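# Sequence and predicted structure below; questions after.
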Amino acid sequence: MSREEAFQAAARELGYDFNGEIRIGGNYSPLVRHRGEIHVSGQIPRVGNEVMVTGRAGADVPLARAQHASAICVMRALALLRQSLGSLEQVERILRITVYVQCTADFTQQSEVADGASDLLFRILGAAGVHSRTSVGVYQLPKNATVELDMIAATCGA
């Protein structure tokens, strides 16, 4: 299965379409290319105009739903890469992701939330999707999103 086919299959499984415009919420660039790397700005689990998963993990949001949020975030980041590069085949490797989880003070499963994104990157990109990662718990995220994710990717031919 090609990366594009894997991306579309993942989108169908999640139940969302990531082929349209990926909206940003301010005066910044959603990604910056520099010397063969692309830095993708923080992505929340927004589809169209709606944030699909909101609230605090460990209170209103169970682990599985927070993992779903991280999967939506990573699909948004991949959609931006796809739009910028023309194809996910141009991604040499995902170098790093950072996953921020809005959670209660006693919630300790931030890394399990991040697995929702990491597992999907591997499914879509194979070995090129294996990355370094940091996952942290935070008090609040934009739009009350449960998860925010940023990414650094290396491009082919850099």
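Right, received. Where do you want to start?

# Where does pLDDT dip in this structure?
157-158 (pLDDT under 70).

# pretty sure Phe107 belongs to a helix, no?
No - counting by DSSP: H, G, I helix; E, B strand; the rest coil, Phe107 falls outside a helix, being coil.

# show me the contacts for the closest residue to it other than its chain neighbours.
With CB to CB, 6 or more residues apart in numbering as the criterion, Phe107 has its nearest non-adjacent residue at 3.2 Å, and that residue is Gly58. C-betas here are computed from N, CA, C, even on glycine. Going by CB atoms under 8 Å, 6 or more residues apart in numbering, Gly58 touches 103-104, 106-107, 109.

# Any chance of CSV for those residues, columns distance to Ser132 and neighbour count?
Shown next, in CSV, are the contacts of Gly58 (distance: CB to CB, whole Å; neighbours: other CB atoms under 10 Å):
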residue, distance to Ser132, neighbour count
Cys103, 22, 25
Thr104, 26, 14
Asp106, 27, 8
Phe107, 23, 18
Gln109, 19, 17
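
# so how far is Tyr100 from the residue nearest to Phe107?
Distance, Gly58 to Tyr100, using CB to CB, to the nearest Å: 14 Å.

# what about Gln90, how many neighbours?
By other CB atoms under 10 Å, the residues close to Gln90 number 17.

# same deal with Gly42?
Gly42, neighbours per other CB under 10 Å, totals 22.

# Can you list phi and psi of it for me?
Backbone dihedrals for Gly42, given as degrees, to the nearest 10, come out at phi -60, psi 130.

# Would you mind confirming that it is in contact with Leu80?
No - between Gly42 and Leu80 there is no contact, the gap being 11.4 Å when judged by CB atoms under 8 Å.

# Just name the closest of the contacts of Gly58 to Ala145, please.
In terms of CB to CB, no member of the contacts of Gly58 lies closer to Ala145 than Cys103, at 11.9 Å.
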